[in-house]
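# please work out how this folds:
(chains A, B and C)
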Amino acid sequence: MVIALLTDFGDFYPGVMKGVIRKITESEVIDITHIITPQNVLEGAFLLYHSYRYFPEGTVFVAVVDPGVGGDRRAVAVRTTNYWFVGPDNGLIYPAASDDGIKEIYLIKNSISEISGSISTTFHGRDIFAPAAALIKEGKIHERYFEKTESGLEALELFEFEVGGDEIRCLVPYIDRFGNAVTNIKKDVLKELNAREFWFDGVRIPLVERYEDVEVGEPLAIIGSFETLELSVREGNFSEKYNVRGRRLRLRWS
Amino acid sequence: MVIALLTDFGDFYPGVMKGVIRKITESEVIDITHIITPQNVLEGAFLLYHSYRYFPEGTVFVAVVDPGVGGDRRAVAVRTTNYWFVGPDNGLIYPAASDDGIKEIYLIKNSISEISGSISTTFHGRDIFAPAAALIKEGKIHERYFEKTESGLEALELFEFEVGGDEIRCLVPYIDRFGNAVTNIKKDVLKELNAREFWFDGVRIPLVERYEDVEVGEPLAIIGSFETLELSVREGNFSEKYNVRGRRLRLRWS
Amino acid sequence: MVIALLTDFGDFYPGVMKGVIRKITESEVIDITHIITPQNVLEGAFLLYHSYRYFPEGTVFVAVVDPGVGGDRRAVAVRTTNYWFVGPDNGLIYPAASDDGIKEIYLIKNSISEISGSISTTFHGRDIFAPAAALIKEGKIHERYFEKTESGLEALELFEFEVGGDEIRCLVPYIDRFGNAVTNIKKDVLKELNAREFWFDGVRIPLVERYEDVEVGEPLAIIGSFETLELSVREGNFSEKYNVRGRRLRLRWS
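Sure, this is the predicted structure:
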């Protein structure tokens, strides 16, 4: 069985989490990403939702994007139809867990930090979530550290957008290393709109099926690997070239 | 057996590839790098060439720097004397594979994407190359997904350079995190030139045997770990300090 | 048994080290970090000291931040009460190794590079330290490559600071991805000072127990996960906002 990590921790902290996990269990650990934009719960939730299904059954996902660490938000472990999700209850794991089908929700008690021997108010990845994942992987969901709850998870909606006239207001949950602006407009919505081209800041962006349909350096819109609308530049960087800041976008379409 | 990854994907996408691989096979996966300069096939080919020999026999390399993804370039799996190389046929795997000795070339069919359950025109790392590598590692090179071909690989020459008078025009396939400018001038070429110092933009750069041969902060030329000429600053950053942009370099020498 | 890596190598070079290790032994390899600030031995030592204890007994740590590579500094392998530490003898491994209790020190001979088949004066991570760690993990500490020594390690003090009047001069060994400035002022020192707030460049920074004790965007001082004083901005970036450059800090306190 695999433990998979998705955080905004950058470097070092994930390494410590792996030490903690490896002290408890021999589980293989796979990094999904550790460079979620700091504190960006939407981005984390979007990437977890779009990656979990590619992992083997039984994978325990540890997702930590946690602006409320040390505060009152709950720490949870969620058993779904095929997986486990461990993390703060702030919306981060909701889209993936509810998509797979939530079966049981456990609160993780702070006392679990006695396993790593450290309790901080700033690094629950090490003190709470890593030991919880390792114990789950070992099948040791004991009452000392886990308490079943009937109250549901904090919800978060990934695919909200507005259409008004010829304008779409949508989100850009993820900008990847190539500068592709990955929107939350799903493939089937695009079909309904019957869109063939978009305008962003006065620039015309044709909807194409493959990068090669435009010249190198030209902008394009495409159904990307998330099965949502992506804005790209062929062999270039859309977000830099067209100055996509923030995570909200207005597009005109026709 | 090991699967080793080299891509320009940055974060997230490699994590998904590992999920796909791990769903098919229990193989260990090692990251060589995922921050090849986006679309820079030369850099990827150079780094693959200089790393493959350090891996155990039987390693399956998955290399993806793929500006032509979704277009007409072929997807290939190449068996060499000691290894397998999987990736787009755009020159990326040619130097390493031909160095080790090409034995067989297979085309990978798009139908292989039925394994991950996704087919995109933008992320063949997930949909084509990861499943191909996992199947190869399992010894399942079935006709359903692989088709042997007799036509050779797209070639790419790593070590081309020009010498004219006292000037060398060479490439800088890689700039590492320390700002070392790694050129494609091989050790034996340097010996032939009998060079003892270089000039770059009017700056004199002595050829030394170890960093300590110059003062901290001073530039130096050295045979680096690639066994080619490298330009460095002792405990500093050559490429920033001397403004190395692009990947072509003119050096005077004596 | 685990081999854990901590370097300033960035990308690519750590992948090659893993190939070298994996060719010799089937050991699992865990990355602690590879983005130590280039040449910053203090940062590396601080992070190694604060992570080693979270790893399972018997872990072999390979730590390489090595401005003196190719020069006269010694290459060492140190057996401590519970672990092994391999790296340059420049202070980097001293705090962790001496904290765990040094039992034996071995010099690693350059001849060990015959295993990887490469010897460079620039990349001892590949040619010296990776093979040494793999052999140690295999229990093969043979005289051909290792020579026991009685002379101690180069020392390095992590927790030096000065208090004068109402001013503390301390170090910032680590700035994390969130911009938290992690100082070397230990929890118990803070208690002695009986400090309740700090001033940095005229800005008042309250000492709090959790991020939520200040408003979003406000600065705060907190005992962080290193059990030292950290300067943060709630859901923001302290080091960017207050322009923390370099690694020395003056704080007023009361």
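# excluding chain neighbours, what is closest to the closest residue to chain C within the stretch 101-250 of chain A?
At 3.5 Å from chain C, A:Phe123 is the closest residue in the stretch 101-250 of chain A, using CB to the nearest CB. To be clear about C-beta, it is placed using only N, CA and C from the backbone, and glycine gets the same treatment. Spatial nearest neighbour of A:Phe123, excluding adjacent residues (CB to CB, 6 or more residues apart in numbering or on different chains): C:Ser225 at 3.5 Å.
# distance-wise, check the one you found relative to A:Val20.
12 Å (CB to CB, to the nearest Å).
# what sits in contact with each of these two?
A:Arg126 (CB atoms under 8 Å, 6 or more residues apart in numbering or on different chains).
# return the distance of stretch A:47-64 from the chain's centre.
Here stretch A:47-64 is found 9 Å from its chain centre; the criterion is CA atoms, centre = their mean, to the nearest Å.
# that stretch and chain C in contact?
No. In terms of CB under 8 Å from any CB of the partner chain, no part of stretch A:47-64 sits within range of chain C; the closest distance is 12.4 Å.
# buried ones in that stretch?
A:47-56, A:59-64 (16 or more other CB atoms under 10 Å in any protein chain shown).
# confidence score at A:Asp166?
Note on A:Asp166: pLDDT of 89.
# next: the one 4 residues further on.
Predicted confidence (pLDDT) at A:Cys170: the value is 96.
# ok, it - contacts?
A:161-162, A:183-185, A:229, A:248-249, A:251.
# what's the answer for A:Ile105, then?
A:76-79, A:148-153.
# for it, give its distance to A:Val69.
Using CB to CB, A:Ile105 is found at 19 Å from A:Val69.
# which of the contacts of A:Ile105 lies closest to B:Arg144?
Of all the contacts of A:Ile105, A:Arg79 has the smallest distance to B:Arg144: 35.6 Å, by CB to CB.
# is it true that that closest one touches A:Lys103?
Yes. In this structure A:Arg79 lies within contact range of A:Lys103 using CB atoms under 8 Å: 4.7 Å.
# neighbour-wise, which of the two wins?
Taking neighbours as other CB atoms under 10 Å in any protein chain shown, A:Arg79 and A:Lys103 compare with A:Arg79 leading, 19 against 12.
# adjacent strands (with direction) for the helix or strand that contains the more buried one?
Following DSSP states H and E, one finds A:Arg79 within strand A:75-80. Here strand A:75-80 is paired, per DSSP bridges, with strand A:84-88 (antiparallel), strand A:102-108 (antiparallel).
# could the contacts of A:Ile105 go into TSV alongside pLDDT?
Shown next, in TSV, are the contacts of A:Ile105 (pLDDT from 0 to 100):
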residue	pLDDT
A:Val76	98
A:Ala77	98
A:Val78	98
A:Arg79	98
A:Lys148	98
A:Thr149	98
A:Glu150	97
A:Ser151	94
A:Gly152	97
A:Leu153	98
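# sort out which one of those lies nearest A:Ile3 for me.
Closest to A:Ile3, out of all of the contacts of A:Ile105 and judged by CB to CB, is A:Ala77, at 12.3 Å.
# tell me how far the closest one lies from chain B.
According to CB to the nearest CB, to the nearest Å, A:Ala77 and chain B sit 20 Å apart.
# number of residues surrounding that residue?
For A:Ala77, using other CB under 10 Å, the count is 25.
# go ahead and confirm A:Phe146 touches A:Tyr106.
Yes. Using CB under 8 Å, A:Phe146 is in contact with A:Tyr106, at 4.3 Å.
# okay, and the common contacts of these two?
A:Ala77.
# quick revisit: from the buried residues of stretch A:47-64, which two are the most distant?
A:Pro56 and A:Val64 (21.3 Å).
# so whatever residue of chain A ends up closest to chain C, which of the three states?
Residue nearest to chain C within chain A (CB to the nearest CB): A:Gly10, separated by 3.0 Å. Following DSSP: H, G, I helix; E, B strand; the rest coil, A:Gly10 is assigned to coil.
# what sits against the nearest residue to it once chain neighbours are set aside?
Nearest non-adjacent residue to A:Gly10, counting by CB to CB, 6+ apart: C:Arg177, 3.0 Å away. C:Arg177 makes contact with A:8-11, A:35, A:38 under the criterion CB under 8 Å, 6+ apart.
# go with 7 Å
Neighbour list for C:Arg177: A:9-11, A:38 [criterion: CB atoms under 7 Å, 6 or more residues apart in numbering or on different chains].
# same question, A:Arg73
A:88-90.
# same question for A:Ala181.
Taking CB under 7 Å, 6+ apart, one finds A:172, A:175, A:230-231, A:238-239, A:244 in contact with A:Ala181.
# do the helix or strand hosting A:Leu6 and chain C come into contact?
In this structure, A:Leu6 sits in strand A:2-7 according to DSSP H and E. No. Residues of strand A:2-7 contacting chain C under CB under 7 Å from any CB of the partner chain: none, with a closest distance of 9.9 Å.
# can you list the strands that that strand pairs with?
Sheet partners by DSSP bridges: for strand A:2-7, these are strand A:28-33 (parallel), strand A:60-64 (parallel).
# list phi and psi for the residue in the stretch 101-250 of chain A positioned nearest to chain B.
Residue nearest to chain B within the stretch 101-250 of chain A: A:Arg177 (2.9 Å; CB to the nearest CB). A:Arg177 adopts backbone torsions of phi -60, psi -20, taken as degrees, to the nearest 10.
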